[in-house]
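Student: Fold the following and give me the result.
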Amino acid sequence: MNRHEYLKVLQAYPLQLKIAKSKLIIREMLSKHEMYASVSGIGSIVMNTLIQEVAAGMGIRVKSVYSDTGSEYSSTRLFFKEYADVVVRPKHNMRYIFTEYGYPIISKTQSRYIEDIRNPNVNAKMKDIRMNGSKKGYFKISEKWKYLLDADFKISNKCCYHLKKAPLNKYKSNSGAYPFIGEMAEESAERKKQWITHGCNITSGNVKSKPMSFWLDQDLLEYVTLHNMKYPPIYGDIIRLEDGTLTTTKESSTGCISCGYGAHMEEGENRFQRLKKLNIKQYNYIIGGGHYVDGWWVPSNQGLGLGHVLDAYGVKY
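Tutor: Modelled structure (predicted):
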């Protein structure tokens with residue numbers, strides 16, 4: 001059985017078996033390293049619950065850490081500031097990141113390719129790969145996005161690193177603890193690829209654990225429902241549809257409200273249109289504002305100017 005097939009087998013496990021396996025994975029890491037739990041959404045709340053149960057049995061205390069990017073729903077930020085043991089914050093805010101590096105649109109890979117092509121410090125060989133692909137045709141900008149090379153705003157994938165990962169890396173360095181991360185392979189092709197390559201636990205080098213990588217979104221909602229757990233109000237209620245599946249009545253996940261990754265693929269009412277209904281003040285700030293500085297469209301004191309960016313690639317708001 002190859003890794004792809006094994007992942008499918010794990011994903012098909014019943015919930016109780018997934019819980020048991022995740023606890024074994026957690027125990028393995030706690031027996032080798034000092035760890036902390038990175039919390040940010042429903043998945044990480046479930047993960048942290050399992051971690052604390054295992055840790056208590058081992059006589060260990062594992063701290064939960066929330067990276068406050070400043071760019072999530074206000075209610076989500078408030079929830080995790082009260083929930084987490086430790087709150088870390090970035091050195092710079094979203095306005096600074098968008099101005100210095102650029103806006104996150106399309107996907108992490110495509111925004112990186114666009115940034116590399118436009119960056120005068122990137123060598124000619126890499127620029128050629130980004131434009132035309134490697135010998136096998138990989139690692140290049142998609143043809144349909146090449147017109148954005150002429151956009152009057154910067155495009156980059158650096159916001160997640162500076163706003164979320166860098167503060168957590170600093171905490172890791174200062175505390176000596178390594179992270180438990182509540183990511184699941186089903187969430188993206190990249191996260192599935194990471195599981196295929198590394199599995200749940202990396203025990204040396206870049207030490208980390210993703211003990212719920214083989215869980216599905218339905219498992220999370222089922223666990224939360226069974227245990228009547230508290231979670232950020234931005235999800236709304238958890239309800240069961242006629243076909244038996246569970247869903248949330250508001251948002252399906254938390255995250256930066258000014259992130260454009262995948263927005264062009266959302267059917268029906270997208271994240272920005274929902275934001276307008278759920279928090280008009282935050283909506284006005286991220287969509288409005290913006291001005292030109294040295295020929296580049298950047299955030300202003302009035303707002304992040306994301307509306308101008310979304311217009312450029314046809315995302316409604």
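
Student: Please, where are all the strands along the stretch 51-200 of the chain?
Tutor: Remark: strands assigned in the stretch 51-200 of the chain by DSSP state E, counting those that start in this stretch are 63-67, 86-88, 105-106, 178-181.

Student: Compare these and give me the one nearest residue 294.
Tutor: Of all the strands of the stretch 51-200 of the chain, strand 105-106 sits nearest to residue 294, with 20.7 Å by Cβ to Cβ. In this view, the C-beta of every residue, glycine as well, is placed from N, C-alpha and C.

Student: How far does that closest one sit from its chain's centre?
Tutor: Computed by Cα atoms, centre = their mean, to the nearest Å, the separation of strand 105-106 from the middle of its chain amounts to 14 Å.

Student: Quick one: list the elements packing against that strand.
Tutor: With contacts defined as 3 or more Cβ pairs under 8 Å, 6 or more residues apart in numbering; DSSP states H and E, strand 105-106 has these neighbours: strand 260-261.

Student: residue closest to the middle of the chain?
Tutor: By Cα atoms, centre = their mean, the chain has its centre lying nearest to residue 255, at 6.2 Å.

Student: Leaving out the residues flanking it, which one is nearest to it?
Tutor: The shortest distance from residue 255 to any non-neighbouring residue, by Cβ to Cβ, 6 or more residues apart in numbering, is to residue 72 (6.7 Å).

Student: What are the neighbouring residues in contact with the one you found?
Tutor: By Cβ atoms under 8 Å, 6 or more residues apart in numbering, the contact set of residue 72 is 254, 255, 256, 257.

Student: tell me which residues in stretch 177-194 are buried?
Tutor: Neighbour-count burial for stretch 177-194, with 16 or more other Cβ atoms under 10 Å as criterion, is recorded at 177-186, 191-192, 194.

Student: need the helices for the chain, in chain order.
Tutor: Secondary structure of the chain (DSSP state H): helices located at 3-11, 15-30, 42-58, 74-83, 94-100, 108-118, 124-132, 159-160, 166-175, 189-198, 217-227, 271-278, 280-287, 306-312.

Student: Check these for me: which has the lowest mean pLDDT.
Tutor: Note on the helices of the chain: lowest mean pLDDT is at helix 189-198, with a mean of 91.

Student: distance between that one and the chain's centre?
Tutor: On the basis of Cα atoms, centre = their mean, helix 189-198 sits 15 Å off its chain's mean C-alpha point.

Student: same deal with stretch 173-183?
Tutor: The chain centre lies 16 Å from the centre of stretch 173-183; the measure is Cα atoms, centre = their mean.

Student: Likewise for stretch 5-16?
Tutor: Here stretch 5-16 is found 23 Å from its chain centre; the criterion is Cα atoms, centre = their mean.

Student: And for it, what's in contact with it?
Tutor: With Cβ under 8 Å, 6+ apart as the test, stretch 5-16 has contacts from 1, 18, 21, 185-186, 192, 195-196, 214-216, 219, 222-223.
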